[in-house]
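In: fold the following, please.
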Amino acid sequence: MPLPSFQEQFAALIAAPSVSCTQASLDQSNRAVIDLLAGWLGDLGFACEIQQVSPGKFNLLASYGSGPGGLVLAGHSDTVPFDEALWQSDPLKLSEIDGRWVGLGSCDMKGFFALVIEAVQPLLTQRFRQPLLILATCDEESSMAGARALADAGRPLGRAAVIGEPTGLRPIRLHKGIMMERIDILGRSGHSSDPGLGHSALEAMQDVMLELRGLRSQWQAEFNNAQFTVPQPTLNFGCIHGGDNPNRICGQCSLEFDLRPLPGMQPEALRAAIRQKLQPVAERHQVRIDFAPLFPSVAPFEQRADSELVRIAERLTGYTAASVAFATEAPYLQRLGCDTLVLGPGDIDCAHQPGEYLEMSRIEPTLRLLRELIGHYCLNPVGDGL
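Out: Numbers count the residues shown, from 1 in each chain. Below you'll find the predicted structure:
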C-alpha cells in the first residue's frame, strides 16, 4: 500500500491530538502521532523502536542503515494546549490560507516530520554508508521527559543532530537554559492585632524576593553574552500566593519564578547560591522555607562555532549561526555525543498562537536542505570536513 502523499501526512499529523500540559485535565497521549510515524517509516524500510517514557507518553527512534556516525533529524511530537474559540480555522485540520499551511503543530513542530519523510524518500534507492535516524520525542512542551529519558539511557546516536524547531531556516547554535522553581514558606498564623502571635510568611517572602533580586543583579553583572538579544541571564517572578484575610498574620506563602541562564552557568550552582541566601531569612523570620524545581532544568546550549555541522549549515543556508531565547532539547542530544544544531522552517513568532502556520514557500527550501544534510552525513560521509 503506497504511503499517503506529503500533504496527507502533514494533515494526519495535525489531526492527531497530542497536547502536552502540566494540567492533567488538558494533557494527552502522543501515541497516535508516534504510531503514524512508525507506520510510514516502517513501510519505507526504517527500523522503528518505540520507547514508553511514562503512561501514554512515547518516544520513537527510527533508523535507516547501521553503524556509527550518521545524522539524527529530531523533533517533538507534542503541542501546547489551544483555545479553539480563538482560532479562525479548525486547529486540528490542515487549512491552506494565503500561502500558508495553518494548523496546530504545523510550525512547532509536527509538520517537520512530514518534511523529513518527503525529503528522504527519493534518496532511499542509494546506499546509506552511515545511518539516518529520525527521533520523535514526547512532552517537550512541558517537562522534556522524552529527551531526558533518551539522554539518561545514554545510548549513542549519530555524529550530528538537527532539531527542526522553528528558526526560519536559520541555524541556531546557542540558547539559554530554563529553570522553573518554587519557594514555599510556612510561618505561623495569628491575630493581626498582635504581631507577636505569629510569624509572617508574607514578610519573609518579601525578604526572599529582595535576596533573589540581589542575586539577579550579581549574575547580570557577572555574565554577559552579546550574541543574545537579551545578553544577560534573566530571573522573572511569575506568580505569588499567600494568606487568606487582612486581619490574619500570613501563615503560608509560595513564589514561582523562572531563571534563564546563559551558556557557562550551571543550574546546580545557581540553586546552591539561592539556598545559601534562604537560610538566614528563615532564621530571621522563624519560618520554614522549602525550595525545589517545578521541573528538571534545561541546561543552556552552545555548539562550537567552528564545528563541522555549524559550518555546513551556514554554507547551505547562507546565514551565520546565531542564538535564540527559547529552550530546546539540544542539550540532551549533545549529552549523547552529537554535534547539535537547531534549524527548522517555521517562525517562532507564530508558535503557541492561534492560527499557527508554516509558510508554503519554506517547503521546497527545507526539502533541499534536508537532502543536502542527509547526503553529507549518510550517503557520502567524509569525516570532519566539508
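
In: what's the end-to-end length of stretch 188-200?
Out: 7 Å (C-alpha to C-alpha, to the nearest Å).

In: give the rounded mean pLDDT of it.
Out: Averaging pLDDT along stretch 188-200 yields 96.

In: same deal with stretch 248-255?
Out: 98.

In: renumber starting at 112 from here on
Out: Yep, numbering from 112; the last one is stretch 359-366 now.

In: now T133, nearest residue through space, not along the chain?
Out: S253 (5.3 Å; C-beta to C-beta, 6 or more residues apart in numbering). The C-beta positions use only the backbone N, C-alpha and C, and glycine is treated the same way.

In: hang on, the one you found is in a strand, isn't it?
Out: No - assessed with DSSP: H, G, I helix; E, B strand; the rest coil, S253 is coil; it does not lie in a strand.

In: can you show me the helices along the chain?
Out: 117-126, 142-154, 222-231, 256-264, 312-333, 378-396, 419-428, 441-446, 474-485 (DSSP state H).

In: between these, which one is closest to G298.
Out: helix 312-333 (3.6 Å; C-beta to C-beta).

In: mind giving me the packing neighbours of the closest one?
Out: strand 290-297, strand 345-353, strand 363-371, helix 378-396 (3 or more C-beta pairs under 8 Å, 6 or more residues apart in numbering; DSSP states H and E).

In: Serialize those to JSON lines and add fields for mean neighbour count and distance to G210.
Out: Formatted as JSON lines, the helices and strands packed on helix 312-333 follow (neighbours: other C-beta atoms under 10 Å; distance: least, C-beta to C-beta, whole Å):
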{"stretch": "strand 290-297", "mean neighbour count": "20", "distance to G210": "37"}
{"stretch": "strand 345-353", "mean neighbour count": "14", "distance to G210": "36"}
{"stretch": "strand 363-371", "mean neighbour count": "19", "distance to G210": "34"}
{"stretch": "helix 378-396", "mean neighbour count": "14", "distance to G210": "42"}
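
In: can you put the ones you listed in TSV and add distance to Y175?
Out: TSV is the format used below for the helices and strands packed on helix 312-333 (distance: least, C-beta to C-beta, whole Å):
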stretch	distance to Y175
strand 290-297	37
strand 345-353	41
strand 363-371	37
helix 378-396	36
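
In: V453 is nearest to which of these?
Out: Nearest of the helices and strands packed on helix 312-333 (C-beta to C-beta): strand 363-371, 16.0 Å.

In: and that closest one, which strands flank it?
Out: strand 290-297 (antiparallel), strand 345-353 (antiparallel) (DSSP bridges).

In: let's have the ones you listed in a markdown table, adding distance to R399.
Out: Listed next are the strands paired with strand 363-371 as a markdown table, based on distance: least, C-beta to C-beta, whole Å:
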| stretch | distance to R399 |
| --- | --- |
| strand 290-297 | 4 |
| strand 345-353 | 14 |
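
In: out of those strands, flag the one nearest L484.
Out: The nearest among those, by C-beta to C-beta, is strand 290-297 at 32.0 Å.

In: next, the buried residues of stretch 397-415.
Out: Across stretch 397-415, burial judged by 16 or more other C-beta atoms under 10 Å covers 398, 400, 402, 408-414.
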